[in-house]
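Student: Give me the fold of what follows.
(chains A, B, C and D)
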2 protein chains.
Amino acid sequence: MNKNYSRAIPEPWRDISAVFAALGDEHRQRILLSFEPGERLNVGQIAEVSTLARSTVSHHLKVLREAGALLAEREGKEIYFRVNKVFLQDIFGKVTSYLDTFL
Amino acid sequence: MNKNYSRAIPEPWRDISAVFAALGDEHRQRILLSFEPGERLNVGQIAEVSTLARSTVSHHLKVLREAGALLAEREGKEIYFRVNKVFLQDIFGKVTSYLDTFL
DNA sequence: TATTCATATCGATGATGATCGATATGTTTA
DNA sequence: TAAACATATCGATCATCATCGATATGAATA
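Tutor: A predicted model of the protein is given here:
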């Protein structure tokens, strides 16, 4: 048993901690699943198909972006978000190999 | 864009929804990381190394178990938990291939 | 520069979750 | 059956998060 409960969380888990928390919310899952491959969407587009207020969608997008799941780039007045596929693939790959090796 | 925001969450995501929520909590991550490969631990052992009350540890173990991340089996007075490695590998494998294909 | 538009941030409220001690449930053993 | 032990559940409290409308920030355009 690993008795040092309060030790630092291992690196592959540290990165994914925010991702887990971000994807633990159903609205954020639905937002993520609104994206088609390679697609970019802005707040207005997502707010339109969602059941949430614009400011609420903006909040969830911030959480997803800070977790690394989304990338944002301003283009004129709009800010376009896209799925950070490479990051997510890397994260889940690390978790998978951590699972294989240590758990 | 997938405009049917309120549609059913795709199957590979539905199963993992609870896993994400469960692993989004740092205490539950620490509990999971207390297990060594193939090891079985009971509430008392985990409560001893953690900073939480026994009832709180019990609560977190319930969340992890209901999410599928842990399996529980009673053995006399104690209830032993172990990491459901196969389930987690399956889940993260599904998420990875969903990522590759649809996002 | 003033206006319009898109998004972010703020402040307040309500809901959900974490936490604990106390109590209940279930199991072994005297 | 009574006592001791391990864990689960209950009830209350506290903290965190989701949510919204209103306001602020930033960018394009008249």
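Student: Now for A:Arg82: which residues touch it?
Tutor: A:Phe35, A:Gly38, A:Glu39, A:Arg40, A:Leu41, A:Leu70, A:Leu71 (C-beta atoms under 8 Å, 6 or more residues apart in numbering or on different chains). Using the backbone N, CA and C atoms, a C-beta is placed for each residue, glycine as well.
Student: When you filter those down to buried only, what's left?
Tutor: A:Phe35, A:Arg40, A:Leu41, A:Leu70, A:Leu71 (16 or more other C-beta atoms under 10 Å in any protein chain shown).
Student: Specify which member of those is nearest to B:Gly24.
Tutor: A:Leu70 (16.7 Å; C-beta to C-beta).
Student: Quick check, the closest one in contact with A:Val63.
Tutor: No: assessed by C-beta atoms under 8 Å, A:Leu70 is found out of contact with A:Val63, at 9.2 Å.
Student: For the biggest helix by length in chain A, C-alpha coordinates in PDB please.
Tutor: The longest helix of chain A (DSSP state H) is helix A:85-102. C-alpha atoms of helix A:85-102 as PDB (Å, rounded to 0.1, in the frame of the first residue of the first chain):
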ATOM      1  CA  LYS A  85      -7.400  16.600 -29.600                       C
ATOM      2  CA  VAL A  86      -3.700  16.200 -29.300                       C
ATOM      3  CA  PHE A  87      -3.700  17.200 -25.700                       C
ATOM      4  CA  LEU A  88      -6.600  14.900 -24.900                       C
ATOM      5  CA  GLN A  89      -5.100  12.000 -26.700                       C
ATOM      6  CA  ASP A  90      -1.800  12.500 -24.800                       C
ATOM      7  CA  ILE A  91      -3.600  12.700 -21.500                       C
ATOM      8  CA  PHE A  92      -5.700   9.600 -21.900                       C
ATOM      9  CA  GLY A  93      -2.700   7.800 -23.300                       C
ATOM     10  CA  LYS A  94      -0.700   8.600 -20.200                       C
ATOM     11  CA  VAL A  95      -3.600   7.500 -17.900                       C
ATOM     12  CA  THR A  96      -3.900   4.300 -19.900                       C
ATOM     13  CA  SER A  97      -0.200   3.400 -19.500                       C
ATOM     14  CA  TYR A  98      -0.300   4.500 -15.800                       C
ATOM     15  CA  LEU A  99      -3.200   2.100 -15.400                       C
ATOM     16  CA  ASP A 100      -1.300  -0.700 -17.100                       C
ATOM     17  CA  THR A 101       1.800  -0.200 -15.000                       C
ATOM     18  CA  PHE A 102       0.800   0.900 -11.500                       C
END
